[in-house]
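Enquirer: How does the following fold in three dimensions:
(2 chains)
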Amino acid sequence: MAEVESTRAGAVQTITLNRPDKMNAFTRALHGALREALKEARDPEVRAVVITGAGRGFCAGQDLTEFGESGDVGAALRETYHPNVLAIRALEKPVIAAVNGACAGAGLSLACACDIRIAADNASFVPGFIGIGLVPDAGGTYFIHRLLGASRAFEWMSSNRRLTAAEAHAWGIVSEVVEGDALPARAAELASFYAGLPTRALGMTKRLFDHADTATLEEQLEHEAQLQAAATQTDDFREGVAAFLEKREARFSGR
Amino acid sequence: MNRPKQLNALSGELMAAVVGAVTELDGDPEIRAIVLGGGERAFAAGADIAELAAGTPISLYESRRIDQWDTIRDLRTTVVAAVSGFCLGGGCELAMLCDLVVASETAKFGQPEINLGVLPGAGGTQRLTRAVGKAVAMDMILTGRMLSAREALAAGLVARVVAKEAWLTEAKRVAAEIAAKGPIAVRLAKEAVDKAFEAPLAVGIEFERRAFYLARASEDAGEGLNAFVEKRPPDFKGR
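Expert: The predicted model follows:
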């Protein structure tokens, strides 16, 4: 059985973490399979990506049978989580986390590394780490700080409070909550919407927002100018302007 | 540089072509700045390992293959290195021979020779140390660690980091900006800055003072000062 299933429908690639009996907890093998799936997603034909979990959970975080006092944990993180988190940020297309159930620890970090999160109404969001004496990893402190601000991020990660999908929505962690059974269809619909947008400009927008986190206003203005100059050289910009002038719907190719 | 399959590995042939091209451009008075670039994936990923492995120490010494790089250092025309992707080993040394580096956000800089049981041989231990200081230079040269473009910017190895789509256009823009200045002043200023790396402070200061008077004696200096007073753009002639 593959630890990660990767399927393509049109321009949408759906990556399903697939260890349902273990709530899709991360193992080395799962990381390796996720890495392959994220590599496939670099294909320019793929214009939107969905990450979701098989069975009841989204991802329970690290499989603790593979993680402990012995062994070089730092090295393990560098070799497994880091490339995958960076790969999600480096994908120049939107990555949607469809959180179908429990989303805990490094699974929460993974969801927060994505560009957009939607959740099933029975999903839950649990920091996890502090509950067993660990610090958030896999980018958790970076992304959750960015999503919630320092104060709320610290309070949440240190209190280890379990959030329901509705609470996560109220906090702005997920943009939409749907009935459990409806999640796959809604994720596919959303992904297909994003896959029809001007992908190059979307990818550059993603990079600009990531860049904005560490840039000064002057640097960010300069970065915008350089990317806008590149955006005007795309087929989709030509199509967008033509469609606007001809008062018709634009049909973007992603090039 | 255009050996994309080899990521612009600096073979004797490629280096001779680079040196030949920049020497010719340097002799053309119409050329006021040169952009030296590679491809999107690599500026240059290092020496041609196959050539290096095949050569004996004596044959490498006698072929003077590294010596010819000094030509680039001695050019009078400003050279802007446009770096995208890998800029490693000999590639990094080549970029450091240029007057300034404009780097794509994707660029990676490193001196990984230590991983092959050798060390930089075309100025890496000297120029990198002068550019980034002992701490970072030791880290890069002894561990082979690569710097990202932003790390290289913070360390002082590159002048500007630009969007990955814009590495070549921005390098050309910087070069065009330099080319629009008075060429005599640009050449003297470049020599004076280089002196800061090669001579004691007192000698560099003395050089700068003389270069300043020399530039002041040019027609371009007269034009530049007049244009400033008259609030108009200067028209430099290179005289």
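Enquirer: hey, where'd the helices end up in chain B?
Expert: Using DSSP state H, the helices found in chain B span residues B:12-26, B:49-54, B:57-63, B:70-73, B:90-97, B:124-132, B:134-143, B:149-155, B:167-179, B:183-198, B:201-216, B:219-229.
Enquirer: Can I get those in CSV including distance to B:F43 and mean pLDDT?
Expert: (C-beta placed from N, C-alpha, C; glycine too.) As requested, those are arranged in CSV below (distance: least, Cβ to Cβ, whole Å; pLDDT from 0 to 100):
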stretch, distance to B:F43, mean pLDDT
helix B:12-26, 12, 94
helix B:49-54, 17, 82
helix B:57-63, 23, 81
helix B:70-73, 14, 90
helix B:90-97, 5, 96
helix B:124-132, 15, 96
helix B:134-143, 16, 98
helix B:149-155, 11, 97
helix B:167-179, 9, 97
helix B:183-198, 21, 94
helix B:201-216, 29, 96
helix B:219-229, 33, 95
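Enquirer: Pull the number of nearby residues for the residue in the stretch 151-255 of chain A that chain B sits nearest to.
Expert: Closest to chain B within the stretch 151-255 of chain A is A:A230: 3.5 Å, counting by Cβ to the nearest Cβ. Applying other Cβ atoms under 10 Å in any protein chain shown, we find 18 residues neighbouring A:A230.
Enquirer: Just say helix, strand or coil for it.
Expert: helix (DSSP: H, G, I helix; E, B strand; the rest coil).
Enquirer: which residue sits closest to it, ignoring its sequence neighbours?
Expert: Distance criterion Cβ to Cβ, 6 or more residues apart in numbering or on different chains; nearest residue to A:A230, sequence neighbours excluded, is B:E165 at 3.5 Å.
Enquirer: what do you get for B:D235?
Expert: The spatial neighbour of B:D235 that comes closest, neighbours along the chain excluded (Cβ to Cβ, 6+ apart), is B:E223 at 6.2 Å.
Enquirer: ok, now A:H82?
Expert: In space, and not counting its chain neighbours, A:H82 is closest to A:A138: 7.9 Å by Cβ to Cβ, 6+ apart.
Enquirer: And B:C92, by the same measure?
Expert: Leaving aside its chain neighbours, B:C92 sits nearest to B:F109 (5.4 Å; criterion: Cβ to Cβ, 6+ apart).
Enquirer: Counting neighbours, what do you get for the closest residue to chain A within chain B?
Expert: At 3.5 Å from chain A, B:E165 is the closest residue in chain B, using Cβ to the nearest Cβ. Neighbour count of B:E165, defined by other Cβ under 10 Å: 22.
Enquirer: which residues touch it?
Expert: By Cβ atoms under 8 Å, 6 or more residues apart in numbering or on different chains, the residues touching B:E165 are A:204, A:226-227, A:229-230.
Enquirer: Please apply the same query to B:G204.
Expert: B:G204 makes contacts with B:192, B:195-196, as judged by Cβ under 8 Å, 6+ apart.
Enquirer: Pull the number of nearby residues for B:R32.
Expert: Residues lying near B:R32 (other Cβ under 10 Å) number 20.
Enquirer: Could you do A:H223 as well?
Expert: Counted with other Cβ under 10 Å, the neighbours of A:H223 add up to 21.
Enquirer: Likewise for B:L142?
Expert: 11.
Enquirer: Name the nearest residue to it, sequence neighbours excluded.
Expert: Nearest residue to B:L142, sequence neighbours excluded (Cβ to Cβ, 6+ apart): B:I114, at 6.2 Å.
Enquirer: Do I have it right that that neighbour meets B:R145?
Expert: No. Applying Cβ atoms under 8 Å as the test, B:I114 and B:R145 come out as separate, 9.9 Å apart.
Enquirer: what sits against the residue nearest to A:H82?
Expert: Contacts of A:A138 (Cβ under 8 Å, 6+ apart): A:77, A:81-82, A:85, A:106, A:109-110, A:113.
Enquirer: Among those, which are located in helices?
Expert: A:77, A:81-82, A:85, A:106, A:109-110, A:113.
Enquirer: Break down chain A into its strands, ranges please.
Expert: Listed in chain order, the strands of chain A (DSSP state E) span residues A:4-9, A:12-17, A:48-53, A:57-59, A:95-99, A:102-104, A:116-120, A:124-126, A:163-164, A:176-178.
Enquirer: Just checking the distance from the third one to the centre of its chain.
Expert: Averaged C-alpha coordinates place strand A:48-53 at 8 Å from its chain's average position (Cα atoms, centre = their mean, to the nearest Å).
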